[in-house]
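J.: next come a sequence and a model predicted from it.
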Amino acid sequence: MTERHYPVPRQGQPFAGPALGGAAHAWFDEVIVMDKDGASVRQPAEDCDPSVLNRLSAPRPDLCGLTLDEPRIMGVLNVTPDSFSDGGDHVTLEAAVDRARIMAGDADILDIGGESTRPGAEEVGLDEEIRRTAPVIKAIRAAGITTPISIDTRKARVAEAALDAGANIVNDVAAFTFDPELADLVAERDVPVCLMHAQGKPDVMQLAPRYDNVVFDVMAALEERIDFATSKGVKRDRIITDPGIGFGKTLEHNVTLLRNLALLHDLGLPMLLGVSRKRFIGTIGQVENAKDRLAGSVAVALHGVAHGAQILRVHDTFETRQALLLQQSLTQRG
């Protein structure tokens, strides 16, 4: 696609234009039509083609019984020894279930991961990744926790074991480029899937990431992966998109994507934003320790909500929920 449509985000009641990505709290009354060379035209939303308005504003399909007209929190639960901010925190079954029980009070979805995809991380073997994740998911379900669970994996066999153990969603940071058979599994099981953009594998992705135009390139790559997924039988209304902040991107790339985040609504699909504790927050906020990046993480999460992001993937579920409740209250106009 040579043209992209950026709905200018606005918040507050009453709405003065179409809903932003189907949100109940954000809307737009102007659209900036952009091309890859930098030219742009600003126009009233009402002047857009109906098909464009539909992509930008139509309600997104429910996700495991959750409506997406309000922001949903996906709580990160890594059962790895080497994840960048919580590696080793939940490696025992008891610790993982205890954390899941706590997060379930604030999170709408629990995201279980058994392989670190931080910059420089090495691949984990199939059997080891299954050993780390499937028993945890089974134990969470045995504990009576009914919160939807996503399995954060690039591999079909790992996802299959997780789904069999009680997971509901697949979250693939490689968008089916690492293991194309994962697309077949998602189609067969008819489960939701998040396709994330990444340039390169985790062990090399941060060495020298380059783009002609990071926003257009990420959009084009996501479209290509969406087309691949649907060609494999994955239903379009089962797909969630993620711009992949921090995955094969410099600080400038990340900031540019975040400034233009609402552009992802031009794909017509739900958007997941994962920025929690990431390095660019530490760089801008001058905070070295990942666990000390809570304030910056919440700030960027609220920015994402203002741009219509439907799902926030975060480590700090309690604090993020509190911030969302305040933001929602303050942007409502009586």
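T.: Alright, I've got the coordinates.

J.: Arg131 sits in which helix or strand?
T.: Secondary structure assignment for Arg131, by DSSP states H and E: helix 126-142.

J.: elements contacting that helix?
T.: For helix 126-142, the packing partners by 3 or more C-beta pairs under 8 Å, 6 or more residues apart in numbering; DSSP states H and E come out as helix 93-103, strand 109-113, strand 149-152, helix 156-165. Every C-beta, even on glycine, is put in place using the N, C-alpha and C of the backbone.

J.: tell me which of these sits most buried.
T.: Highest mean neighbour count among the helices and strands packed on helix 126-142 (mean count of other C-beta atoms under 10 Å): strand 149-152, with a mean of 28.

J.: can you show me the CA trace of that one as CSV?
T.: Taking C-alpha atoms only, strand 149-152 is exported to CSV below (Å, rounded to 0.1, in the frame of the first residue of the first chain):
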residue,chain,number,x,y,z
ILE,A,149,-3.6,-17.3,29.0
SER,A,150,-1.4,-16.5,26.1
ILE,A,151,1.7,-18.6,25.3
ASP,A,152,4.6,-16.4,24.3
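
J.: just checking: what are the partner strands of that strand?
T.: Paired strands of strand 149-152, with direction, are strand 109-113 (parallel), strand 169-172 (parallel) (DSSP bridges).

J.: okay if I get those as JSON lines plus distance to Asn254 and mean pLDDT?
T.: Converted to JSON lines, these look like this (distance: least, C-beta to C-beta, whole Å; pLDDT from 0 to 100):
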{"stretch": "strand 109-113", "distance to Asn254": "20", "mean pLDDT": "97"}
{"stretch": "strand 169-172", "distance to Asn254": "19", "mean pLDDT": "98"}
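
J.: so which of the ones you listed comes closest to Ile149?
T.: Nearest of the strands paired with strand 149-152 to Ile149, taken as C-beta to C-beta: strand 109-113 at 4.9 Å.

J.: SS state for the spatially closest residue to Arg4 that is not a sequence neighbour?
T.: Nearest non-adjacent residue to Arg4, counting by C-beta to C-beta, 6 or more residues apart in numbering: Met34, 4.8 Å away. When classified by DSSP: H, G, I helix; E, B strand; the rest coil, Met34 comes out as strand.

J.: and Met34, how far is that from Gly120?
T.: Met34 sits at a distance of 34 Å from Gly120 (criterion: C-beta to C-beta, to the nearest Å).

J.: pick out whichever of the two has more residues nearby.
T.: When Met34 and Gly120 are compared on other C-beta atoms under 10 Å, the one with more neighbours turns out to be Met34, at 22 against 13.

J.: so for the more buried one, what pLDDT did the model give?
T.: Looking at Met34, its pLDDT is 95.

J.: correct me if wrong: it contacts Pro7.
T.: No - between Met34 and Pro7 there is no contact under C-beta atoms under 8 Å: 11.5 Å.

J.: quick one on the thing from earlier: could I get the helices and strands packed on helix 126-142 as JSON lines with distance to Arg141?
T.: Compiled in JSON lines, the helices and strands packed on helix 126-142 are given as follows (distance: least, C-beta to C-beta, whole Å):
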{"stretch": "helix 93-103", "distance to Arg141": "10"}
{"stretch": "strand 109-113", "distance to Arg141": "11"}
{"stretch": "strand 149-152", "distance to Arg141": "8"}
{"stretch": "helix 156-165", "distance to Arg141": "7"}
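
J.: which stretch in these has the least confidence?
T.: Minimum mean pLDDT among the helices and strands packed on helix 126-142: helix 93-103, a mean of 93.

J.: show me where this protein has its helices.
T.: Assigned by DSSP state H, the chain shows helices spanning 50-57, 93-103, 126-142, 156-165, 181-189, 214-231, 251-259, 279-285, 294-306, 317-331.

J.: so, low pLDDT: which residues of the stretch 101-250 of the chain?
T.: Scanning the stretch 101-250 of the chain with the threshold set as pLDDT under 70 gives 203-205.
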